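1. Structure here, sequence nowhere to be found:
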């Protein structure tokens, strides 16, 4: 009777061991990705967990992250980033979702750090 619940929780537990990294940088190329000699900043982002970036990364003063809740889920080849209208870490009312390819230059992210590279291991 309790087995279906147990099996439903296993994938979430497996995801918890992954580390999702988001590196934002000034310059990015297909061969070098984020240029290590240029200015960059790296974030360890919660994976498969709702978070509010203003609470998760309070030292950024809103320069990198928006005000709305997010959830990032690692898949084998892509990251699915979902945005919500909530701002309290509850992830209610999804507003947009993107599939982002790992180890690829992506952007624009903003004026200070226009490029980004995601990895999930």
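-> Perfect, thanks for sending it. If you're wondering where the values come from, they're calculated on a predicted model, not measured in any experiment. Residues are numbered from 1 along each chain as shown.
2. so where do the strands sit in the chain?
-> Assigned by DSSP state E, the strands in the chain fall at 20-25, 28-29, 33-34, 40-45, 70-74, 78-84, 94-101, 115-120.
3. pLDDT of the first one, averaged?
-> pLDDT averaged over strand 20-25 equals 94, rounded to a whole number.
4. can you redo the strands of the chain as TSV with distance to residue 59 and mean neighbour count?
-> Backbone N, C-alpha and C define where each C-beta goes, glycine included. Compiled in TSV, those are given as follows (distance: least, Cβ to Cβ, whole Å; neighbours: other Cβ atoms under 10 Å):
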stretch	distance to residue 59	mean neighbour count
strand 20-25	14	20
strand 28-29	23	16
strand 33-34	20	20
strand 40-45	10	16
strand 70-74	17	20
strand 78-84	21	18
strand 94-101	24	12
strand 115-120	18	21
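5. Residue 54: which of those strands is closest?
-> With Cβ to Cβ, the closest approach to residue 54 among the strands of the chain belongs to strand 70-74: 10.6 Å.
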